[in-house]
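*Asks:* sequence and predicted structure are below.
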Amino acid sequence: MSRFTRYAATTQTLTLAAMEEASRRGAREADLEDLLLALVLSEQTAGTVFRELGITIRAARAAVEQYQREQIASLGITLELPAAGNIVFHETGGYEWSKRASDLIRRAGDKAGTADAAAVLRELVSEPSGLIADLLPRLGTTSEEVLTALNRSTPAPAPSTAGKTRRRGQSGSAIESFIPAPVDDVRTLLTDPARVPDWEPMISCVEDVATGNGIWAAHVSTTRPDGKPLKVDTRFRRRTLQLMPSGERAHISWRFAYPDAPKSPPVTVTFDLAPTTGGTELRATMTCTARQGIRFLLRPLQRFLMWIRLSQITAAISRVYR
């Protein structure tokens, strides 16, 4: 993976997680504390460092909320902040980074180095406002300890937009993610047909009874998460899904097809689960037969679009446990 691609993938995943966390508090601007929360959730070395220091997303959220209450009180303002709610980022709009957070992420990419989440973390712990230096002791650590742990850590594999080895004529993409829940819990979620809408944003519901060969009928969403109507061609309003046989409990594979559009190639989404400190390491892969007529030069774009879909799926899985 090129440095530019690594930076773009890292920025995408950190931005999504940070703005999800900001949305819990009703904020539309993600700031440095939201970037910290996103790094705690990162599947890369930066997230591993936090989790090995015993820092969980729940503890980090509590520290951020307490810090914000104290900052308001220090101004002589008597105000009880509303309790944080559910993540609503995917149901709302109008989010952006604060200028200082945006500048920090840009600096992490501009400097010579890895251009990954670890580079962002190095910038964050040394930022001059003192916010992070104040937050970390509340989590039982310091900027110096975080940097020391980061320096001795083995870098995690770079975020991938390429799939595993595929058969000729197939196109695919893959993504790694950290899920803050035990492997058994994640497996239960991902093998339950009724819960597919919890992690596949394009499906609104799955019918209660399977047809032959363990194939389930599902209906595609015709409204966006924010309630606005979504125009869907009638050929693509129904989907079928099938949980493919697997001899490994940690390997889950779903096959999706459009019964009313037989020329549309089926898509296979696979999940590989592994236990890790604080939760589950998840690798999601999407593959399909490359459509005839798609020029070779357009294949990278197709893989990138599949990676975006996978990032939405893994974000939805993470939201279930947050």
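*Replies:* On my side now, so go ahead. Numbering: from 1, shown residues only.
*Asks:* so where's the stretch 151-300 of the chain uncertain?
*Replies:* Low-confidence segments of the stretch 151-300 of the chain, defined by pLDDT under 70: 154-169, 290-298.
*Asks:* what about the spatially closest residue to residue 16 that is not a sequence neighbour, distance to residue 195?
*Replies:* Nearest in space to residue 16, with sequence neighbours left out and distances taken as CB to CB, 6 or more residues apart in numbering, is residue 315 at 5.6 Å. In short, each C-beta sits where N, CA and C put it, glycine included. Distance of residue 315 to residue 195, given as CB to CB, to the nearest Å: 16 Å.
*Asks:* the two: who's more crowded?
*Replies:* Using other CB atoms under 10 Å as the criterion, residue 315 and residue 195 rank with residue 315 on top: 22 against 14.
*Asks:* contacts only, for that one.
*Replies:* Residue 315 sits next to 16, 17, 20, 90, 177 when contact means CB atoms under 8 Å, 6 or more residues apart in numbering.
*Asks:* helix, strand or coil: sort out the second one for me.
*Replies:* Which is residue 17. Classification of residue 17 using DSSP: H, G, I helix; E, B strand; the rest coil returns helix.
*Asks:* likewise the last one?
*Replies:* For residue 177, the secondary-structure state derived from three-state DSSP is strand.
*Asks:* before we move on, what about the third one?
*Replies:* Three-state assignment for residue 20 (three-state DSSP): helix.
*Asks:* one step back: nearest to residue 201, of the contacts of residue 315?
*Replies:* Using CB to CB, residue 90 is the member of these that lies nearest residue 201, at 7.5 Å.
*Asks:* does the closest one touch residue 221 like I think?
*Replies:* No. Using CB atoms under 8 Å, residue 90 is not in contact with residue 221; the gap is 11.9 Å.
*Asks:* shared neighbours of these two, which are they?
*Replies:* Here residue 90 and residue 221 have residue 201 as joint contacts, going by CB under 8 Å, 6+ apart.
*Asks:* what separates stretch 118-126 from the chain centre, distance-wise?
*Replies:* Distance of stretch 118-126 from the chain centroid (CA atoms, centre = their mean, to the nearest Å) equals 20 Å.
*Asks:* er, stretch 261-270 actually
*Replies:* Its chain's C-alpha centre and that of stretch 261-270 lie 23 Å apart, by CA atoms, centre = their mean.
*Asks:* again, but for stretch 70-79
*Replies:* Mean-position distance between stretch 70-79 and its chain equals 34 Å (CA atoms, centre = their mean).
*Asks:* for that stretch, which outside residues touch it?
*Replies:* Contacts for stretch 70-79 (CB under 8 Å, 6+ apart): residue 81.
*Asks:* start to end distance for it?
*Replies:* Using CA to CA, to the nearest Å, the end-to-end distance of stretch 70-79 comes to 10 Å.
*Asks:* work out for me the element residue 186 sits within.
*Replies:* helix 183-190 (DSSP states H and E).
*Asks:* list the buried ones in that helix?
*Replies:* When burial is assessed from 16 or more other CB atoms under 10 Å, helix 183-190 yields the following buried residues: 183, 186, 187, 189, 190.
*Asks:* does the closest residue in space to the second one that isn't next to it in sequence belong to a helix, a strand or coil?
*Replies:* Read it as residue 186. In this structure, residue 186 finds its nearest non-sequential neighbour in residue 280, 4.8 Å apart by CB to CB, 6+ apart. Here residue 280 takes the strand state, with states given by three-state DSSP.
*Asks:* residues contacting residue 280?
*Replies:* Contacts for residue 280 (CB under 8 Å, 6+ apart) come out as 178, 179, 181, 182, 183, 186, 273, 274.
*Asks:* tell me the pLDDT of residue 115.
*Replies:* In this model, residue 115 is scored at 84, pLDDT.
*Asks:* also the one 4 residues further on?
*Replies:* Predicted confidence (pLDDT) at residue 119: the value is 94.
*Asks:* quick one: the residue of the chain positioned farthest from its centre and residue 69, what's the gap?
*Replies:* For the chain, the residue at maximal distance from the C-alpha centroid (CA atoms, centre = their mean) is residue 76, at 38.2 Å. Here the criterion is CB to CB. By it, residue 76 lies 14 Å from residue 69.
*Asks:* look up phi and psi at residue 273.
*Replies:* Main-chain torsions, residue 273, degrees, to the nearest 10: phi -110, psi 140.
*Asks:* which residues touch the closest residue to it other than its chain neighbours?
*Replies:* Leaving out its chain neighbours, the residue that sits closest to residue 273 by CB to CB, 6+ apart is residue 250, at 4.6 Å. Each residue near residue 250 by CB under 8 Å, 6+ apart is listed here: 183, 187, 272, 273, 274.
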